[in-house]
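[1] got a predicted structure here, sequence first:
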Amino acid sequence: MVSRTTAGAEGEVVVLLIGMRINRFRAVHLWVPTMLAMLRMLRELARGPSRGLRAKVLLTASPRTYYVVQYWESKEKLYAYATAPDAFHHEVWARINRAERAGRLRGQVGIWHEAYVVPEGSYEAVYADMPAFGLAEAYGQVPLERRGRYAADRFAYRAARPRREPVREKAD
């Protein structure tokens, strides 16, 4: 019997894809530090869960391209980490900016990121006989039946939220 689950995410989901591309394999002195910096930032975030990183998946797209899919608590926490003067990210970006201004990175190693804020009703997931992975690692797993057997049902799912009563003005 196949055990099927879905991600327990409710509300909006913040996803960051961030990575590097080795443009010149011989530029080891540039791309190895870039890769190590990425790993060091992930360790820093793991030691400080209050910064907002919920889960991550390390991936490779080719022998040249490596990236991380990150799931964040909120876009505000993502922005806060990206701009925090005490975060290793701040130091890395300062180094990269200096190297770019000096022309030392051109064509050697590429870096990139894409950030997405995905509203509720715009994501769904299915896991069959899988441990918590990706979105389910970030938000927990729930039995598939809780959100619906079909993708359309899971897309239609909305977290139960208390209804706000409309504000009525008093008549004088």
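    Ah, there it is.
[2] now do stretch 70-88: everything it contacts.
    For stretch 70-88, the surrounding residues in contact (Cβ atoms under 8 Å, 6 or more residues apart in numbering) are 13-18, 37, 40-41, 44-45, 51-56, 89-90, 115, 117, 134-135, 137-139. From N, CA and C alone the C-beta is placed, and that goes for glycine too.
[3] what about that stretch, average pLDDT?
    For stretch 70-88, mean pLDDT is 97.
[4] and the end-to-end length of that stretch?
    17 Å (Cα to Cα, to the nearest Å).
[5] derive a ChimeraX selection command for the buried subset of the contacts of stretch 70-88.
    Selection of buried members from those for ChimeraX, criterion 16 or more other Cβ atoms under 10 Å:
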select :13,14,15,16,18,37,41,44,45,51,52,53,54,55,56,89,134,135,137,138,139
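[6] among the contacts of stretch 70-88, name the ones in strands.
    Counting by DSSP state E, the contacts of stretch 70-88 place 13-18, 53-56, 115, 117 in strands.
[7] and the two most separated of the residues you listed?
    Farthest pair in the ones in strands among the contacts of stretch 70-88 (Cβ to Cβ) is Lys56 and Val117. Separation: 17.4 Å.
[8] the residue nearest the centre of the chain pairs with what?
    By Cα atoms, centre = their mean, the mean C-alpha position of the chain lies nearest to Gln70, the distance being 2.2 Å. Beta bridges link Gln70 to Leu16, Lys56, judged by DSSP bridges.
[9] for this structure, which helix is longest?
    helix 28-47 (DSSP state H).
[10] list the helices and strands it packs on?
    Counting by 3 or more Cβ pairs under 8 Å, 6 or more residues apart in numbering; DSSP states H and E, the packing neighbours recorded for helix 28-47 are strand 13-22, strand 53-60, strand 65-72, helix 88-101, strand 109-118.
[11] need the ones you listed in JSON lines with distance to Ala7, can you?
    Formatted as JSON lines, the helices and strands packed on helix 28-47 follow (distance: least, Cβ to Cβ, whole Å):
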{"stretch": "strand 13-22", "distance to Ala7": "9"}
{"stretch": "strand 53-60", "distance to Ala7": "10"}
{"stretch": "strand 65-72", "distance to Ala7": "9"}
{"stretch": "helix 88-101", "distance to Ala7": "27"}
{"stretch": "strand 109-118", "distance to Ala7": "11"}
